[in-house]
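J.: Sequence first, predicted coordinates after that:
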Amino acid sequence: MRKGNGATLLKKVLTWLAIAFVVFYVIQRPEDAAGIVRSAGGALSDAAGSLSAFVESLV
């Protein structure tokens, strides 16, 4: 029998629940899910541009 603590088990259960929720959301509302991905991509792009400008200002 494997020994493990409750925190590890809880983390695994919460991870699988989060994955299941994301899959359910994508299946139920694909347009909304695509919009969230687009927004996240835009935010990452803006952050990368800001980081690039910061590094250029140091040089």
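T.: Received it, and whenever you're ready, just let me know what you need.

J.: What distance do you get for the spatially most central residue of the chain to Leu58?
T.: The structure's the chain has its C-alpha centroid closest to Ala40; by CA atoms, centre = their mean the separation is 8.9 Å. The gap separating Ala40 from Leu58 is 27 Å, by CB to CB, to the nearest Å. Any C-beta I mention is one placed from the backbone N, CA and C, and that applies to glycine too.

J.: the bottom helix or strand of the protein by mean pLDDT?
T.: Lowest by mean pLDDT, DSSP states H and E among the helices and strands of the chain is helix 6-28, with a mean of 93.

J.: Can you name the element that comes right after that helix?
T.: helix 30-58 (DSSP states H and E).

J.: Run the angle between that following helix and helix 6-28 for me.
T.: Relative orientation of helix 30-58 versus helix 6-28 (axes from the mean of the first three to the mean of the last three CA atoms, to 10 degrees): 110 degrees.

J.: Which elements pack onto helix 30-58?
T.: helix 6-28 (3 or more CB pairs under 8 Å, 6 or more residues apart in numbering; DSSP states H and E).
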